[in-house]
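Asks: Any chance you could fold what I've pasted below:
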Amino acid sequence: MLQIFMGYGIFPNQPYAYILFWQYFLIAYIFFLSIAIVYLVIDLLFREFKIYQKYLVTFFIVLTFFSFYYHPFFQDPFYLYNVEEIKQWKTLASVVNDQEQILTPAELASKVTLQAWQNGKPIGDLFPEVNLRQMEYLAPYLEGDNWMVLLAKPLYLGHISMNVLLIGFILLFFGYQYKKDPPQGAYIDKMMFLFLIFCSMEVLHFWGSLKSVEWKSYIEVSNIGQYITVSLEIMLALFFALRLKFITSVQGEFYETELATNPYQISRWRDW
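Replies: Sure thing, here's the model as predicted:
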């Protein structure tokens, strides 16, 4: 909820407060979600490991992929503003703002030669055919606030990749469970199923947002995604509450203790 006030009631004199808070909040959210899901998979696959060993393996896996997708955001807090497409968009926007009439991509290509960028620095002009294709790609983002969708693209691509990775781990969880059929903690399988739907919807949500070139369409897709996300989170909260109720009972405490110490010699507990 702090995001609503960031840059307005909180740090009102910092023009980038909102975007920086939004950026790092999303990164932190996917980081902790990844730890939660990957740990459950490691806990299932390597029951003989000690808890700290499971956490070490989990952090190693998550940080490996996490650093691959998100390291630019920690090297440069304003990375979103320094990617090649945004730099090219700025060049086009400055030209379009000086024109009294709307120019077609072909007309823009005849007036402007975009540059290739690397590490926030220009490294050379684009070839004519590449320049025209890039004009056609960037032209829709010149209208209104559509550029905000383009700005979020690198961050959303990272989120899509991480959620696809998590879907792979969840499928590994269910595949191992189907193959070996080990006893599970109360409600764990149902939580993982909800996480599967959750991560799948996140991929669909972020991908749909990127494909919505218009800012209004992006907002509509985001709003629809919010309802689905909140519904899944409410169901997750319900299963967490049911699990907490069970494991704090005498029977639940005994079951979970035996599951941790001697999992292959106990019978199954079935929830209602």
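Asks: hey, where'd the helices end up in the chain?
Replies: 2-5, 17-45, 51-75, 79-82, 84-97, 105-111, 128-138, 147-180, 188-211, 215-247, 250-261 (DSSP state H).
Asks: and residue 11, which of these is closest to it?
Replies: Closest to residue 11 of those, according to CB to CB: helix 17-45, at 4.0 Å. C-beta coordinates here come from the backbone N, C-alpha and C atoms, glycine included.
Asks: Compute the inter-axis angle for that closest one and helix 250-261.
Replies: Angle between the axes of helix 17-45 and helix 250-261 is 80 degrees (criterion: axes from the mean of the first three to the mean of the last three CA atoms, to 10 degrees).
Asks: How far does helix 17-45 sit from its chain's centre?
Replies: Centroid separation for helix 17-45 versus its chain: 8 Å, with CA atoms, centre = their mean, to the nearest Å.
Asks: Taking their axis directions, it and helix 188-211 sit at what angle?
Replies: 140 degrees.
Asks: quick one: contacts for residue 129?
Replies: Residue 129 makes contact with no residue, according to CB atoms under 8 Å, 6 or more residues apart in numbering.
Asks: Repeat that for residue 25.
Replies: Neighbouring residues of residue 25 by CB under 8 Å, 6+ apart: residue 3.
Asks: Confidence-wise, which of the helices of the chain is weakest overall?
Replies: Lowest mean pLDDT within those: helix 105-111, a mean of 77.
Asks: Which one of the helices of the chain lies nearest to residue 118?
Replies: Nearest of these (CB to CB): helix 84-97, 7.6 Å.
Asks: Grab the nearest non-local neighbour of the residue most central in space within the chain.
Replies: Using CA atoms, centre = their mean, the residue of the chain that lies closest to the mean C-alpha position is residue 159, 2.6 Å off. With sequence-adjacent residues excluded and distances taken as CB to CB, 6 or more residues apart in numbering, residue 159 is closest to residue 206, at 5.2 Å.
Asks: Now for that neighbour, how many residues are close by?
Replies: Using other CB atoms under 10 Å, residue 206 is surrounded by 24 other residues.
Asks: Kindly report the same for residue 156.
Replies: 17.
Asks: again, but for residue 248
Replies: Look at residue 248: counted by other CB under 10 Å, it has 10 neighbours.
Asks: Equivalent analysis for residue 127, please.
Replies: By the measure other CB under 10 Å, the count of residues near residue 127 is 11.
Asks: Who are the contact partners of it?
Replies: Per CB under 8 Å, 6+ apart, neighbours of residue 127: none.
Asks: Alpha carbons only: can I get stretch 228-238 in CSV?
Replies: Coordinates of each C-alpha in stretch 228-238 appear next as CSV, following Å, rounded to 0.1, in the frame of the first residue of the first chain:
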residue,chain,number,x,y,z
ILE,A,228,-7.4,-13.3,-9.9
THR,A,229,-4.2,-12.8,-7.9
VAL,A,230,-6.1,-11.7,-4.8
SER,A,231,-8.6,-14.6,-5.1
LEU,A,232,-5.7,-17.1,-5.1
GLU,A,233,-4.0,-15.3,-2.2
ILE,A,234,-7.2,-15.6,-0.2
MET,A,235,-7.3,-19.3,-0.9
LEU,A,236,-3.7,-19.7,0.1
ALA,A,237,-4.4,-17.9,3.3
LEU,A,238,-7.2,-20.3,4.0
